[in-house]
Structures are given as structure tokens and as C-alpha cells.
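> Build me a model:
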Amino acid sequence: SMVQPQDGFNATSSSKWKERRQRRRERQRAVKEEERESFKVEGGCQDENTTNAIKWSKTHTRMYQSAIRTCLKEMMVTSSWSNNESSSGLQIVIDLGMDELMSDTEIKSLVTQLQLSYSVCLKLTGDAILKQMSGTSQRKESGKDVVYDSDWESKSGKERRQILAQRAIIEAGRCSDENTIKIGPTNILFSSLERDGRIEQALFRDDGFQHWAVRTSPLAFAEAAIAASENDERGGSEEQQRIVVLSPDAPEAFSGPLDRSCIYVVGGLCDYKRISNATLHRSQEAGRKYNVVARRLPIKESLGDIDVKILTVNQAVEALVRVNLTDGDWADALAAILPARKLIGKKT
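Numbers count the residues shown, from 1 in each chain. Modelled structure (predicted):
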């Protein structure tokens, strides 16, 4: 199901979330101020028309980023969950069925990680599509190089950008160029999300959660994944659907590109005390009935003997998305999400 507002939600309880948003807005304003200063520097050796062109180029990019993000959010809740090998995006389930192992503080941290997981899926996919759109198609907002409906000229600039963004996303997922990686939306499902449970209550303290483009289910992760596939008109059968659970305790590591026909499960567990084998045991239990296997991220294999064994939920999700966008470059994906201080001893 789609995210629904919680009855009796008190907006005043979201003060901490608003403080975080305020800090984010301050960072954004600082970036814009740096841009304005750079325009002044560039303006010293450029005429006014050139400076205005630079400003418009940045504004133009932001407009298309917004259009692509809007289209991606729509597709994240409508695109197929079938086990189609030609699929260009990923299906990720975040298992929220381990709340009894977490304290209230850990659940608050988990919710922050869920926020970051959702936002990074949108950002990385959107940036990749925008880059491909700019680098290969070179379409202009006027739409002169592509034919649409007869009332194209009567459409507003925003409507045109939405049409071009939607087409860019579709073409990115159908790309036939051997040197270009197919790109598609990352579908996210929160499983084991109990009505009025501790995690749901914590999620709804963020008054923006009801607008997230994620699916939710009260079912356990395997049942929720199977149901999502079966509810899709093109969905596969329970026997065919393969589910891969990420676990730091799994004996076998990922290698090479991800199999896009699989559904990947990230354990929604924030445990400062490090509970061993929690996700591995859940995968083994589900494996008695479903086609479930456990895999760990290839941190040691890709980066060498570094002091990192476990990642946060959002880091694990980001690693999957980055690997999918780079067609199997685990070293690059893992190095991008870890702080530099953790990469001492990294393979060269």
C-alpha cells in the first residue's frame, strides 16, 4: 500500500525534523551564495550576456532535475516488481521487523537512515538520467528535435520539461547502446511496518513521510516481496522469484553486477550494541519456504583490510544503487559511501 497519514498526528512533535530541514536550507543558501560569488569572479573577464548564460544554464539544470525527480517518484510506486531480467532498476525491500531489538534512540536513528535511503535513490538515479539526457540526446526545451502531440507549442515550460523528463527516463531504461548502462527507478518497499507500531509512529513524526514514493506492507519481508511481484500484472510466480538478503554475517559475498531480476532485502536494524546474525537468521528462516539467499557486501574483497565490517541502512542501499549504475564496480561504490578516514589500508 501507499503511505497513508496517521490518524491524530501531531505536527508539533516534528520540531527536530524541522530543525534538520532548517540546517539543510542554510547549507543550500550557502551553496547559492558561493555560486553568486563565482559569477562575480567570472563576470570580471566575461561580458554580461555570458554571465547570464551561465546563470540560466544552472537554473535550466535545476528545473530538469526537479522534473526528473517528479517523474521518478511517480514511477517508483507504479513500475513493475516482476522478475524481468531486462528490468533497468532495482527492487529493494527494507525489513522493519526487528523493532524489538532496538531502543527508542536506535529507532530514531533508523528513521533518519530510512530518510537518507529514500533520498539517495532519487538523487543518484536522477543525476544519472540527467547526465545521460544531457550527454547523449542533447534535447532542447523547444522540442524541435522530437515530435510530440499537436499542442506542444501551447504547453507551458514546466509541462514540456515533464514530458521530456518522462521520455528521458523511459529511454534510459531501454538504452540499446552496449557502452551505456540502463537506468531505471529504484522501487522501495518497507516490510513488517505495523500499524501504530514504534517504527511507524517514528516515521510519521516527519510530516513529509506521507509523501514518500515508497510502498509499505505489514507482511514479513519474503511475503511482502512475493506479494509485490504477484500484484504486478507482469509479476512472476513465487517459485521463480529470487530474494537476496544483505547480511554482514553471510559466508558468501556479492561479486560483479547485480542480478536485476532479484529482490534485494536490507535489514532495517540500527543496533549500537551489534547483534550478531540477526539478519542472517531471518534469511535462513524465510529460506525454508521461499527462494531466499544471504549475501554480504564485498568490503574486504573490494577495499582490502579496512576497519569497516557493517554499514548503516542508507549506506547499504546507496551501495546497491551505485553498483547498479556502474554495472558491478563494487570498489568504486563502497569507496564513495565510506569516509576517507575509514579507507586507510584500502587496496591500490
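
> ok, which stretches of the chain are strands?
Secondary structure of the chain (DSSP state E): strands at 91-95, 187-191, 215-216, 243-246, 263-267, 292-295.

> of all the ones you listed, which lies closest to residue 133?
Of all those, strand 187-191 sits nearest to residue 133, with 21.2 Å by Cβ to Cβ. No exception for glycine: its C-beta is placed from N, CA and C like everyone else's.

> Give the rounded mean pLDDT of the closest one.
Across strand 187-191, the average pLDDT comes to 95.

> quick revisit: can you put the strands of the chain in JSON lines and add mean neighbour count and distance to residue 338?
Output for the strands of the chain, formatted as JSON lines (neighbours: other Cβ atoms under 10 Å; distance: least, Cβ to Cβ, whole Å):
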{"stretch": "strand 91-95", "mean neighbour count": "26", "distance to residue 338": "20"}
{"stretch": "strand 187-191", "mean neighbour count": "24", "distance to residue 338": "22"}
{"stretch": "strand 215-216", "mean neighbour count": "22", "distance to residue 338": "29"}
{"stretch": "strand 243-246", "mean neighbour count": "23", "distance to residue 338": "16"}
{"stretch": "strand 263-267", "mean neighbour count": "26", "distance to residue 338": "17"}
{"stretch": "strand 292-295", "mean neighbour count": "20", "distance to residue 338": "19"}
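
> got the ones you listed as TSV, with distance to residue 105 columns?
Formatted as TSV, the strands of the chain follow (distance: least, Cβ to Cβ, whole Å):
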stretch	distance to residue 105
strand 91-95	19
strand 187-191	20
strand 215-216	23
strand 243-246	23
strand 263-267	18
strand 292-295	28
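
> can you tell which of those strands is closest to residue 307?
Nearest to residue 307, of all the strands of the chain, is strand 243-246, at 19.7 Å by Cβ to Cβ.

> Tell me the neighbouring strands of the closest one, and mark each as parallel or antiparallel.
strand 263-267 (parallel), strand 292-295 (parallel) (DSSP bridges).

> quick one: average pLDDT of it?
On average, strand 243-246 scores 95.

> which other residues reach that strand?
93, 95, 221-222, 225, 259, 262-267, 279-280, 282-283, 286, 290-297, 316, 320 (Cβ atoms under 8 Å, 6 or more residues apart in numbering).

> May I have that strand as PDB, with CA atoms only?
In PDB, the C-alpha atoms belonging to strand 243-246 read as follows (Å, rounded to 0.1, in the frame of the first residue of the first chain):
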ATOM      1  CA  ILE A 243      15.200 -12.900  -2.900                       C
ATOM      2  CA  VAL A 244      18.700 -11.800  -1.700                       C
ATOM      3  CA  VAL A 245      19.200 -10.700   1.900                       C
ATOM      4  CA  LEU A 246      22.100  -8.500   2.800                       C
END
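
> thinking again about what came up before, got the strands paired with strand 243-246 as TSV, with distance to residue 162 and mean pLDDT columns?
Shown next, in TSV, are those (distance: least, Cβ to Cβ, whole Å; pLDDT from 0 to 100):
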stretch	distance to residue 162	mean pLDDT
strand 263-267	30	96
strand 292-295	38	95
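
> As a markdown table, those with distance to residue 192 would be great.
Below are these laid out as a markdown table (distance: least, Cβ to Cβ, whole Å):
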| stretch | distance to residue 192 |
| --- | --- |
| strand 263-267 | 11 |
| strand 292-295 | 15 |
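
> Residue 57 is nearest to which of the strands of the chain?
strand 187-191 (32.2 Å).

> what angle do that closest one and strand 263-267 make?
50 degrees (axes from the mean of the first three to the mean of the last three Cα atoms, to 10 degrees).

> Show me what strand 187-191 is packed against.
If you count contacts as 3 or more Cβ pairs under 8 Å, 6 or more residues apart in numbering; DSSP states H and E, strand 187-191 packs onto strand 91-95, helix 104-132, strand 215-216, helix 221-231.

> That one pairs with which strands, and in what direction?
strand 91-95 (parallel), strand 215-216 (parallel).

> Rebuild these as JSON lines, extending it with distance to residue 33.
As requested, the strands paired with strand 187-191 are exported to JSON lines (distance: least, Cβ to Cβ, whole Å):
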{"stretch": "strand 91-95", "distance to residue 33": "36"}
{"stretch": "strand 215-216", "distance to residue 33": "39"}
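
> out of the ones you listed, nearest to residue 241?
strand 91-95 (9.7 Å).

> Please export the C-alpha coordinates of that closest one as CSV.
C-alpha atoms of strand 91-95 as CSV (Å, rounded to 0.1, in the frame of the first residue of the first chain):
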residue,chain,number,x,y,z
GLN,A,91,13.6,-3.7,-6.2
ILE,A,92,14.7,-3.1,-2.6
VAL,A,93,12.8,-4.2,0.5
ILE,A,94,13.8,-2.7,3.8
ASP,A,95,12.9,-5.2,6.6
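
> what's it in contact with?
For strand 91-95, contacts defined as Cβ under 8 Å, 6+ apart pick out 81, 114, 117, 121, 186-192, 220-221, 224-225, 228, 243, 245, 262-269, 279, 282, 313, 317, 320.

> Any buried residues in the helix or strand of the chain with the lowest mean pLDDT, and which?
Least confident helix or strand of the chain, by mean pLDDT, DSSP states H and E, is helix 15-43 with a mean of 75. If you call a residue buried by 16 or more other Cβ atoms under 10 Å, then helix 15-43 has these buried ones: residue 17.
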